[in-house]
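In: next come a sequence and a model predicted from it.
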Amino acid sequence: MLEHAKRIQGFTLGAVDGEIGRVKDLYFDDVNWTIRYLVADTGRWLPGRQVLISPWSLKGVNEVEKTIDVNLSKKQIEDSPSITSDLPVSRQYEIEYYKYYGWPMYWYGPALWGPGPYPAYFGHGGGLVEPVPRL
């Protein structure tokens, strides 16, 4: 189902151990028209730092409360590779980022997300899981 991406701008982002900020922007793959990252505005928590959140980490979206939960801790996000500009994300950065989180790299494999058609198709343990439900 196609949705207007702007609808989630401003949604609160929640880690497993607390709020991490709000969705500021989205980074698209302009070849496949796929959202590759949510850009988090971390406010006072990590001032001046731009944080990218991959759809691999999404747990759920609550449109009524305007929240998006991610399966990451604040410490994981704080220690993640940083990106310091508004330029396109380099492949070198993506390799470092995906290795840090232990995710399969979407550019390898037969499908839009590498091993599967969407990020939640294969869980971190390699088993088949259902897509993230819309709440």
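Out: Cool, the structure landed.
In: distance-wise, check D69 relative to R49.
Out: 21 Å (C-beta to C-beta, to the nearest Å). C-betas here are computed from N, CA, C, even on glycine.
In: next one: phi and psi at A5?
Out: phi -60, psi -30 (degrees, to the nearest 10).
In: correct me if wrong: it contacts Y27.
Out: No. Between A5 and Y27 there is no contact under C-beta atoms under 8 Å: 10.6 Å.
In: what's the host helix or strand of Y98 in contact with?
Out: Counting by DSSP states H and E, the element that carries Y98 is helix 91-101. Here helix 91-101 makes contact (C-beta atoms under 8 Å, 6 or more residues apart in numbering) with 52, 54, 56-57, 72, 76, 80-81, 83, 104-105, 107.
In: what sits against G43?
Out: Contact partners of G43, counting by C-beta under 8 Å, 6+ apart, are 21-22.
In: residue closest to the middle of the protein?
Out: S54 (2.0 Å; C-alpha atoms, centre = their mean).
In: which among the contacts of helix 91-101 count as buried?
Out: 52, 54, 56-57, 72, 76, 80, 83, 104 (16 or more other C-beta atoms under 10 Å).
In: pLDDT-wise, what's the bottom of those?
Out: Minimum pLDDT for the buried ones among the contacts of helix 91-101 is recorded at I83 (76).
In: is it in contact with V89, as I believe?
Out: Yes. Using C-beta under 8 Å, I83 and V89 qualify as a contacting pair, with a distance of 6.7 Å.
In: where do the contact lists of the two overlap?
Out: With C-beta under 8 Å, 6+ apart as the test, I83 and V89 both reach L52.
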